[in-house]
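In: Mind looking at a prediction? Sequence and model below.
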Amino acid sequence: MRLRLWIGVGILASWVCQDGYGQTSVDLRTQSRNVDFSAAHSTKPLKTGTSLPTTCSVGEMFFRTDSPPGKNLYGCTATNTWSVLTSGSYVAGAGIVIGGSTISIEDAVVPLYYTGSGAPTVACLPGRDFYTDITNGGFYFCKAVNVWQLASSSGHTHSAGEINTGTLDVGRLPGVAVRSDQANAYSAGQKQTFQASATTAGLNAACAALPTAPANGDIVCDSGDSNKVKVRSNGSWVEAGGGNSGYNPLDFTTVSLEEHFICTTETTGQMGALGWRQWNFGSPTGHSFSCIGNNATVAGLVGDYLISSGTVQDAGTALSLGGTGLQFYGIGAVAGWEVKLRVRLVSTTAVAMFVGFTDTASGTPTNAIWFRYDTAMGDSNYMYQSCASSTCTTANSGIAADTSYHVFRLRATTPGQILFSIDSGSETALSTNVPGATTPLGLVFAVVSRSTTSKSIRPERMAFKWTGL
């Protein structure tokens, strides 16, 4: 009976042990060999998550589910250090070819360079091959299959037709070449000939404003004066002869007057070639006129007069073409006329000078078109002024008064608008308070003393022209 009990206990213990082994985990590292999961329903050999574990030991792997496809697999390459194990596929750029695990580069991306002595003789492909002549310093490129082209060489030259753009260094120009910023000067015995053809002029001067720093001998086409051709002579611009600028005594549509103030009998109404007369401003005492004649110290000066104001303050005198006769009728309301007056101040202190047209022997005229310099008005520059019925419009020339000769120019190209300029400079237009069509004006050179000391001016030349009559 006792024997049967022990046999039963042994069988029960054996069954319990076998059932317990069915619930025990298997350690694949030590309890398996040649494991094959190919027939498994599913396999997940890696830990997964959206963030890497903070600790790891070398050899561990982790699948990060929030990384871009192809960059999900990480390995622990050092203690607590994760590294991505894949980087995705490669994309070929320009000139790159990827075939499997092979990467190829086109010839155009990596050119071939050759060196040698003298010109190249090897075969070449355009866009890829280059050659350096180490003896002569020449550099070649392949411009067509087996055709080399010299790009540059030490001391090489090109024909003029091969140079299309760019700027040559001054040192490369021949000694006789003239740059655009140089004067084209010819020595004695040399000349430049301009031959006209049936359709093209030999020489053409483009019309433009007069130069600000002219020299005697300059020839220009003045765009500011009806495109007239002018020559710079003795410090003044002179219209070239011929065409509308020439004098034709049979042309009754044009009036021309000129005065050089060559000495004549100095009586009222008979001064100069045109019969200028004395015209007093106020009640001067000790005023005078005297002919200076030729002044050898001033180039181009034929003759001039010395006009002195006398010693009465705010009184003076004028050299007048017209005077009470007033020869220029309604000139402020018409166009086509021009006058130039050359004169200088003897002193710039306590003096007034008026040059131009007026109908009143006064520094405060009723009607006038003239140049003014008047220290009593606070002038330091020459002023432009037009007055009608005692109301005046004044503009500053910006040119300081001095004792040098100046050419004062008045002209009208539009009725009712007067153009003022000095020494062929820029013009200023005045179109308000211009004397009207019924206002006669006389032409004057006037001087007034602003102290009890006599003051003087020296008129030297006048030229007047009126066209389209």
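Out: Alright, I've got the coordinates. Remember, predicted model here, so these are calculated numbers, not experimental data. Residues are numbered from 1 along each chain as shown.

In: helix/strand/coil for residue 332?
Out: Following DSSP: H, G, I helix; E, B strand; the rest coil, residue 332 is assigned to helix.

In: Hmm, it is touching residue 439, no?
Out: Yes. Contact criterion C-beta atoms under 8 Å: residue 332 and residue 439 qualify, at 6.4 Å. The C-beta positions use only the backbone N, C-alpha and C, and glycine is treated the same way.

In: starting at the chain centroid, how far to stretch 367-383?
Out: Here the centre of stretch 367-383 is set off from its chain's centre by 36 Å, with C-alpha atoms, centre = their mean, to the nearest Å.

In: Let me know the average pLDDT across it.
Out: Stretch 367-383 shows a mean pLDDT of 96.

In: Please identify the buried residues of it?
Out: Across stretch 367-383, burial judged by 16 or more other C-beta atoms under 10 Å covers 367, 368, 369, 370, 371, 372, 373, 374, 375, 379, 382, 383.

In: Between the two ends of it, what distance do you get?
Out: 16 Å (C-alpha to C-alpha, to the nearest Å).

In: ok, now stretch 339-356?
Out: 9 Å.

In: and what of stretch 419-434?
Out: End-to-end distance for stretch 419-434: 11 Å, by C-alpha to C-alpha.

In: looking only at pLDDT, what's the mean for that stretch?
Out: Mean pLDDT, stretch 419-434: 95.

In: now swap in stretch 339-347 and tell me
Out: pLDDT averaged over stretch 339-347 gives 95.

In: Closest to residue 218 out of the buried residues of stretch 367-383?
Out: Closest approach to residue 218 among these (C-beta to C-beta): residue 382, at 24.2 Å.

In: Please identify the helix or strand for that closest one.
Out: Assigned by DSSP states H and E, residue 382 belongs to strand 381-388.

In: could you redo the buried residues of stretch 367-383 as a markdown table and give each row distance to residue 74?
Out: Listed next are those as a markdown table, based on distance: C-beta to C-beta, whole Å:
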| residue | distance to residue 74 |
| --- | --- |
| 367 | 103 |
| 368 | 101 |
| 369 | 98 |
| 370 | 99 |
| 371 | 95 |
| 372 | 96 |
| 373 | 96 |
| 374 | 98 |
| 375 | 97 |
| 379 | 93 |
| 382 | 92 |
| 383 | 92 |
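
In: now, the most widely separated pair of those residues?
Out: Across the buried residues of stretch 367-383, the longest distance by C-beta to C-beta is 23.4 Å; it joins 367 and 375.

In: what's across from residue 63 in the sheet?
Out: Beta-bridge partners recorded for residue 63 (DSSP bridges): residue 48, residue 73.

In: Next, format the buried residues of stretch 367-383 as a markdown table and append distance to residue 152 and secondary structure.
Out: Below are these laid out as a markdown table (distance: C-beta to C-beta, whole Å; DSSP: H, G, I helix; E, B strand; the rest coil):
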| residue | distance to residue 152 | secondary structure |
| --- | --- | --- |
| 367 | 76 | coil |
| 368 | 72 | strand |
| 369 | 68 | strand |
| 370 | 69 | strand |
| 371 | 64 | strand |
| 372 | 68 | strand |
| 373 | 66 | strand |
| 374 | 71 | strand |
| 375 | 71 | helix |
| 379 | 66 | coil |
| 382 | 61 | strand |
| 383 | 64 | strand |
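
In: Out of these, the closest to residue 169 would be?
Out: residue 382 (47.2 Å).

In: ok, so what distance separates that closest one from residue 98?
Out: Going from residue 382 to residue 98 by C-beta to C-beta, to the nearest Å gives 84 Å.

In: what do you get for residue 31?
Out: Separation of residue 31 from residue 98 (C-beta to C-beta) stands at 45 Å.

In: for residue 258, same thing?
Out: Distance, residue 258 to residue 98, using C-beta to C-beta: 94 Å.

In: Equivalent analysis for residue 397, please.
Out: Taking C-beta to C-beta, one finds residue 397 at 80 Å from residue 98.

In: just the angle between the strand holding residue 382 and strand 368-374, please?
Out: 150 degrees (axes from the mean of the first three to the mean of the last three C-alpha atoms, to 10 degrees).

In: For strand 381-388, enumerate the helices and strands it packs against.
Out: For strand 381-388, the elements it packs on are strand 368-374, strand 391-400, strand 417-422, strand 428-430, judged by 3 or more C-beta pairs under 8 Å, 6 or more residues apart in numbering; DSSP states H and E.

In: what's in contact with it?
Out: Residues outside strand 381-388 that contact it (C-beta atoms under 8 Å, 6 or more residues apart in numbering) are 332, 365-374, 377, 392-401, 406, 408, 418, 420, 422, 428, 430, 432-436, 439.

In: if we go to 6 Å?
Out: By C-beta atoms under 6 Å, 6 or more residues apart in numbering, the list of residues contacting strand 381-388 from outside reads 365, 367-369, 371-373, 392-401, 418, 420, 428, 430, 433-435.

In: now swap in stretch 318-334 and tell me
Out: With contact meaning C-beta under 6 Å, 6+ apart, stretch 318-334 is reached by 274, 276-277, 279, 307, 369, 415-416, 434-437, 440-446, 459.

In: 7 Å instead?
Out: 271, 274, 276-277, 279, 281, 289, 305, 307, 337, 357, 359, 361, 369, 412, 415-416, 434-446, 459 (C-beta atoms under 7 Å, 6 or more residues apart in numbering).

In: for it, what is the average pLDDT?
Out: 77.

In: quick one: contacts for residue 233?
Out: residue 216.

In: At which residues are the strands of the stretch 151-300 of the chain located?
Out: With strands called from DSSP state E, counting those that start in this stretch, the stretch 151-300 of the chain shows them at 207-208, 219-222, 228-233, 236-239, 255-259, 277-281, 288-291.
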